[in-house]
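A.B. asks: sequence first, predicted coordinates after that:
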Amino acid sequence: MICRNKYRCQSYVNEQRFTSVFLRRFVRNIPLTQNTLKVVASHEQTVEHKLTGDSHYHPTASAQSCEELYWNWTVPGGNLDTRIRYVKAGTQGPPLLLIHGFGVGYYHFERNIPELSKSCQVYALDLLGQGCSWPNRKPTVEDALYMSVDVWVMQIRDFMQQVMQVGKHNATEDEGQGKCGASYIAGNSLGGLLAVYMAAMYPERVRGLVLLNATPFWSFRPPLRSQAQGLWAALPKGFGSVPVPEGLKALIGGLWWDTLRQIQTVRSLLRLVYRESSTVDAATVERIIEATGHPLALDVFSAITLAPQPDLNFDACLQRIKAPILMLYGRDDPWVVPLWGQRLKRKCPQAVYLELSPAGHCPHHEVPRSVNWAISSWISSGGQADPVHRDSPHVLQENDDREIFIVHRDGTPNSAPTNFLSNLIDVIEGVIKRQPT
């Protein structure tokens, strides 16, 4: 079931989501220039809010509003109903599903949706336990709700089938009617990992992948059916699912949670992974913190830290993928460093690997014009043409006049230490594969 919400999400340049209370709290935590203080004081007359004194990023002026919708989803294998937030924009072209990374929501693609929806039917959703997607009631132990890759993949699979109507129709006949046989999927960080799993497990539903600094791993707990469970197997049934035991939840809350959800912490983490910190806007910070106020937020965060790995690992999924792949990786990412992009390219030699610089972990949000251009160009060719000439970099100018270099990479490690680490990872992966499952 789909229900509509009167609230309209807009680009950050038009956003009116800050209350006076939040702004006063925000001002106490960051250094602001005299100009920005005037912006805060006259918020009802202007919508530009600068996060730091040197902020110079201006979202695209062509951004359009899109209506927030909700989809009622029952988690497979039980009777737990959830309410999933999503948006849709565009009426022509192939479908494109955008999957966000950990801790944010669909809104992390608001700098991309207006441009991409000119040539695609764009969908973007909040993963369960992120943004505004939550269970309708407090889960019980019997529900065994693990906040894991497996659950998120099932959510995406059902969303594509029930909402996007992917997998039910002939792509060439029904595309103009908003129906299709397969969809493009673009994902950042955790969203990129989920996109890989979708393409491996449901190849008939995925026309092509766009990976934006996709994380190659998630969770340290072995799969539930693995013999490598070890001490995990001795824990009570349902351990690590929502709800989390009160004692464990209190421990995690005291160690990390209260600190992680502070404005200063969120802002510092974002500035760490963005190459140009001025592109981190106050709206993103506020929305991240807003989600932590949900009654189940601490349970979900605790469960995520204890979630089991899926049965298939990332490398095994890559071997199954037949769909074309476009890799758009920010070169200056301190988390998914170039080593991981190079490694993925070597395992999927057919992939187009483009490195963007200067850009960090979230290139779609930090250099949206460059990412939008690359995705649109690639999809317009059916995932077959290369957006950039292989012998020379492509240079694009962002809306704030920054020049972004888009360069082809072939997956070859660019230094001896990187080559050594890459080989070491392959050795470790080989040892893990030989372990009983």
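C.D. replies: Yes, it's here. Residues are numbered from 1 along each chain as shown.

A.B. asks: Val395 pairs with what?
C.D. replies: For Val395, the beta-bridge partners are Phe405 (DSSP bridges).

A.B. asks: what's the helix or strand for Gln384?
C.D. replies: Taking DSSP states H and E as the definition, Gln384 sits outside all helices and strands.

A.B. asks: if I've got this straight, Leu248 is in a strand?
C.D. replies: No - if the criterion is DSSP: H, G, I helix; E, B strand; the rest coil, then Leu248 is helix and not within a strand.

A.B. asks: that one contacts Asp299, correct?
C.D. replies: No - contact criterion CB atoms under 8 Å: Leu248 and Asp299 do not qualify, at 10.1 Å. All C-beta spots, glycine's among them, are computed from the backbone N, C-alpha and C.

A.B. asks: looking at these two, which has the bigger crowd around it?
C.D. replies: Between Leu248 and Asp299, counted using other CB atoms under 10 Å, Asp299 has the larger neighbour count: 24 against 15.

A.B. asks: which parts of the host helix or strand of that one are buried?
C.D. replies: Following DSSP H and E, the helix or strand that holds Asp299 is helix 297-305. Applying a neighbour-count criterion of 16 or more other CB atoms under 10 Å, one finds 297-304 buried in helix 297-305.

A.B. asks: which residue lies nearest the spatial centre of the protein?
C.D. replies: By CA atoms, centre = their mean, the chain has its centre lying nearest to His100, at 2.0 Å.

A.B. asks: what's the closest non-adjacent residue to that residue?
C.D. replies: Closest residue to His100 apart from its sequence neighbours, by CB to CB, 6 or more residues apart in numbering: His108 at 4.7 Å.

A.B. asks: quick one: secondary structure of the one you found?
C.D. replies: helix.

A.B. asks: next up, the contacts around it.
C.D. replies: Neighbouring residues of His108 by CB atoms under 8 Å, 6 or more residues apart in numbering: 100-101, 188, 284, 362, 364-365.

A.B. asks: and which of the residues you listed is nearest Ile406?
C.D. replies: In terms of CB to CB, no member of these lies closer to Ile406 than His364, at 13.5 Å.

A.B. asks: counting by contacts, list what the helix or strand hosting that closest one packs against.
C.D. replies: Using DSSP H and E, His364 falls within helix 363-366. With contacts taken as 3 or more CB pairs under 8 Å, 6 or more residues apart in numbering; DSSP states H and E, helix 363-366 sits against strand 183-188, strand 325-330, helix 368-380.

A.B. asks: average model confidence for that helix?
C.D. replies: Helix 363-366 carries an average pLDDT of 98.

A.B. asks: state the mean pLDDT of stretch 343-356.
C.D. replies: For stretch 343-356, the per-residue pLDDT averages 96.

A.B. asks: give the buried residues for it.
C.D. replies: 343-348, 351-356.

A.B. asks: lowest mean pLDDT among the helices and strands of the protein, which one is it?
C.D. replies: helix 20-29 (a mean of 36; mean pLDDT, DSSP states H and E).

A.B. asks: just for this structure, where's the confidence low?
C.D. replies: 1-65, 168-180, 227-230, 237-238, 414-437 (pLDDT under 70).

A.B. asks: got the domain ranges for it?
C.D. replies: As assigned by automatic domain parsing, the chain contains the domains 2-41, 66-432.

A.B. asks: out of these, which is the most enclosed?
C.D. replies: domain 66-432 (a mean of 19; mean count of other CB atoms under 10 Å).

A.B. asks: quick one: that one to chain centroid distance?
C.D. replies: Between the centre of domain 66-432 and the centre of its host chain there is 4 Å, according to CA atoms, centre = their mean, to the nearest Å.

A.B. asks: for the residue nearest to Gln342 when sequence neighbours are not counted, what are its contacts?
C.D. replies: Nearest residue to Gln342, sequence neighbours excluded (CB to CB, 6+ apart): Gly411, at 4.7 Å. By CB under 8 Å, 6+ apart, the contact list for Gly411 reads 341-346, 349, 353.

A.B. asks: what's the closest of those residues to Leu211?
C.D. replies: Lowest distance from Leu211 to the contacts of Gly411 (CB to CB) belongs to Leu344, with 7.4 Å.

A.B. asks: mind checking the SS state of the closest one?
C.D. replies: In three-state terms, and counting by three-state DSSP, Leu344 is helix.

A.B. asks: need the contact list for it.
C.D. replies: 211, 214, 216, 318, 327, 351, 353, 411.

A.B. asks: now swap in Thr412 and tell me
C.D. replies: Contacts of Thr412 by CB under 8 Å, 6+ apart are Gln342.

A.B. asks: phi, psi for it please.
C.D. replies: The phi and psi torsions at Thr412 (degrees, to the nearest 10) take the values phi -70, psi 130.

A.B. asks: the protein: strands as residue ranges?
C.D. replies: 2-9, 66-74, 81-89, 95-99, 121-125, 134-135, 183-188, 206-212, 325-330, 352-357, 394-397, 403-408 (DSSP state E).

A.B. asks: now do the contacts for Leu255.
C.D. replies: Per CB under 8 Å, 6+ apart, neighbours of Leu255: none.

A.B. asks: one more: Leu231?
C.D. replies: So Leu231 contacts nothing (CB under 8 Å, 6+ apart).

A.B. asks: what does Leu326 give?
C.D. replies: Per CB under 8 Å, 6+ apart, neighbours of Leu326: 208-211, 351-352, 354, 374-375, 378, 383, 387.

A.B. asks: dump those into JSON lines; add distance to Asn136 as well.
C.D. replies: Putting these into JSON lines (distance: CB to CB, whole Å) gives the following:
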{"residue": "Gly208", "distance to Asn136": "34"}
{"residue": "Leu209", "distance to Asn136": "32"}
{"residue": "Val210", "distance to Asn136": "32"}
{"residue": "Leu211", "distance to Asn136": "33"}
{"residue": "Ala351", "distance to Asn136": "40"}
{"residue": "Val352", "distance to Asn136": "42"}
{"residue": "Leu354", "distance to Asn136": "41"}
{"residue": "Ala374", "distance to Asn136": "39"}
{"residue": "Ile375", "distance to Asn136": "34"}
{"residue": "Trp378", "distance to Asn136": "38"}
{"residue": "Gly383", "distance to Asn136": "38"}
{"residue": "Pro387", "distance to Asn136": "43"}
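
A.B. asks: and which of the residues you listed is nearest to Asp126?
C.D. replies: For the contacts of Leu326, the nearest to Asp126 is Val210 (19.0 Å; CB to CB).
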